[in-house]
Each structure stands twice: as C-alpha cells, then as structure tokens.
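> test case, fold it:
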Amino acid sequence: MSELVLDDGRPLAVPRDGDRIGAGPWARLLASAVVPDESSARAERGRELAWAGMVSHVSVEAGAIRARVLGSSGSDYGVTLEASVLPARVWADAVREALERPGLEAGIEGSAQSVHLAHYLEAEQREPLVPPMRQIRTSCTCPDREYASVCKHVAAVAFVVADAVDSEPSLLLRWRGCEPVTPPASRSGDPWLAGVLPPPRPVRALPPGAVIKRLGRSGIRAGGRDLAEALEPAYRAFGRAGRAVDSDS
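Residues are numbered from 1 along each chain as shown. Presented below is the predicted three-dimensional model:
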C-alpha cells in the first residue's frame, strides 16, 4: 500500500467547533490513544496548532503517519506516529465475516467509522483497530520531547489526522495496513450502475427446424400430417440455402 499525502502536502487547518477534535468513533480512538490526557496544557497547545493550520505535509502509509509542524517559535518540526499493522490474517478474517455480518461492511470498505468493526477486532480477534498508547511510537524533532512523551506537535498531528479520519475513514485502515474493500455496484450510490458485463458466450448454431420442434405440434393438419412436421423439409432447405450463400460470399 503506497504512501498517501493529504491535500498535496498543504497546511491542514481543523475547523474550530468546540474544544474536542474528532467526532466519529475511529477519530476519537486515534486522538485519545495518542493524546490520553486531552485536558493537559500540551494537548491544548496542540489543538491551537491544529486550528491554526500549522500542520502540513501529512502523509499516511502502512504503519506510519508523518507530518511537519510549525511551532510557536517559527521552527519547523518533523513528527511521526508509528504502529504495527494489523496481521493480514486478521484483516482477511474480517473481510470474510463481513459477508455474514452486514454491520461490518461499511467498516471494511472504509466508508464509515464502524463501531461494529472496531468491536469485532477488539473482542474476537484481540487486535484493536487503534492500538493503545503503549503500542504507538511517537517522535518529534522538537526539544520538548526530552521532557514529555507527548509534545504539542505530536498532539497537533494526532488531532489533524483524527479530523481527516472523520472525512475519510479509510485513512485509519491505511495506517493499519488494511486495504479497504471495494463496495459492490449496488451500493455505489447509483442504483442503475452495475458491474462490468461478462463477455458473451459463443453463439451456438441451431439445427434446421429447431424453432418448430421447440414449439411442438400445432394441431393443424396439412396433407395428412401435423403442420410442424410438414414444415420441417422446408426449414432444412432454407438451412442448406443459407449455408450456400455464406460459402459464396
């Protein structure tokens, strides 16, 4: 799965709508896992940076989120959020389960922040959709990292990505190394849009009089025979004439 750069690397400003960033369940899981104490002073400064559009060059790939953050001093810092990807076996099981559990479909497609998928992975696979904080490796090039495990720049990136997950849930799947499943055409939004038609089968030549035979006896007598039987010689003659024309052309 290739790296995805959000908005071509331009600064991402989170709309200011209350004090908490990340509305959906997946977004909340991510934000709270990276910034467990969202009431701290560093978390508040991280929100201010996210609201002010100080986070840029955000990229998401399997196992890693990277970004640049412009600090209050004018310095530019590099931030990384890393985590192990979900085992391929676990994701394959989730995709298969979705065939029997409709509640999982939107989650594996990455079209919605499915609480059903999060619960399935946590409860039945023992692999949380968002790993706990101790399993997320964060790094920042700022000097504040010497004194805090979560600096304001790490918090800012977590909040910006959480906001992005609200708009595009598949970003979280990409970070966990899971390929979203393409939804069937029936759920593509256009009820008249279907999949690609299969190639037509080769046309099978029918024997002369096949239509007459399929219709069966007519009940009409002609020359002492049923009309269907009487027409068979004519159909055979038509067939021979048609083959002769094809061979001459």
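> where does the protein have low pLDDT?
1, 146, 184-198, 201, 203-216, 242-249 (pLDDT under 70).
> all strands of it, in order?
4-5, 55-61, 64-70, 76-82, 137-140, 221-222, 225-226 (DSSP state E).
> could you chop the protein up by domain?
What automatic domain parsing lists as the domains of the chain is 4-187, 210-248.
> hey, which of the ones you listed is tucked in deepest?
domain 4-187 (a mean of 18; mean count of other Cβ atoms under 10 Å). Where you see a C-beta, it was placed from the backbone N, CA and C, and this is true even at glycine.
> please report the distance of Val181 from Glu109.
Separation of Val181 from Glu109 (Cβ to Cβ, to the nearest Å): 5 Å.
> returning to what we had before: got the strands of the chain as a markdown table, with distance to His116 columns?
Below are the strands of the chain laid out as a markdown table (distance: least, Cβ to Cβ, whole Å):
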| stretch | distance to His116 |
| --- | --- |
| strand 4-5 | 25 |
| strand 55-61 | 23 |
| strand 64-70 | 24 |
| strand 76-82 | 25 |
| strand 137-140 | 28 |
| strand 221-222 | 70 |
| strand 225-226 | 65 |
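> which one of those lies closest to Pro15?
Closest to Pro15 of the strands of the chain, according to Cβ to Cβ: strand 55-61, at 13.6 Å.
> excluding chain neighbours, what is closest to Arg137?
Glu82 (4.3 Å; Cβ to Cβ, 6 or more residues apart in numbering).
> quick one: the helices in this structure?
For the chain, applying DSSP state H gives helices covering 25-34, 41-51, 88-98, 105-109, 115-119, 152-167, 170-175, 210-215, 227-248.
> distance between the fourth one and the chain's centre?
Okay, so that is helix 105-109. 7 Å (Cα atoms, centre = their mean, to the nearest Å).
> ok, now the first one?
Computed by Cα atoms, centre = their mean, the separation of helix 25-34 from the middle of its chain amounts to 19 Å.
> go on, stretch 56-73?
Distance, centroid of stretch 56-73 to centroid of chain: 23 Å (Cα atoms, centre = their mean).
> between the two ends of that stretch, how far is it?
Terminal residues of stretch 56-73 are spaced 16 Å apart (Cα to Cα, to the nearest Å).
> what does stretch 59-69 give?
Note: stretch 59-69 ends 13 Å apart using Cα to Cα.
> any idea how far Arg47 is from the residue lying closest to Ile21 once chain neighbours are set aside?
Leaving aside its chain neighbours, Ile21 sits nearest to Phe159 (4.2 Å; criterion: Cβ to Cβ, 6+ apart). From Phe159 over to Arg47 the distance is 6 Å, taken as Cβ to Cβ.
> got it, and Cys178?
Cys178 is 28 Å from Arg47, by Cβ to Cβ.
> again, but for Gly9
Taken as Cβ to Cβ, the span from Gly9 to Arg47 is 22 Å.
> right, and Val60 touches Ser170 too?
No: taking Cβ atoms under 8 Å as the definition, Val60 is not a contact partner of Ser170, at 9.6 Å.
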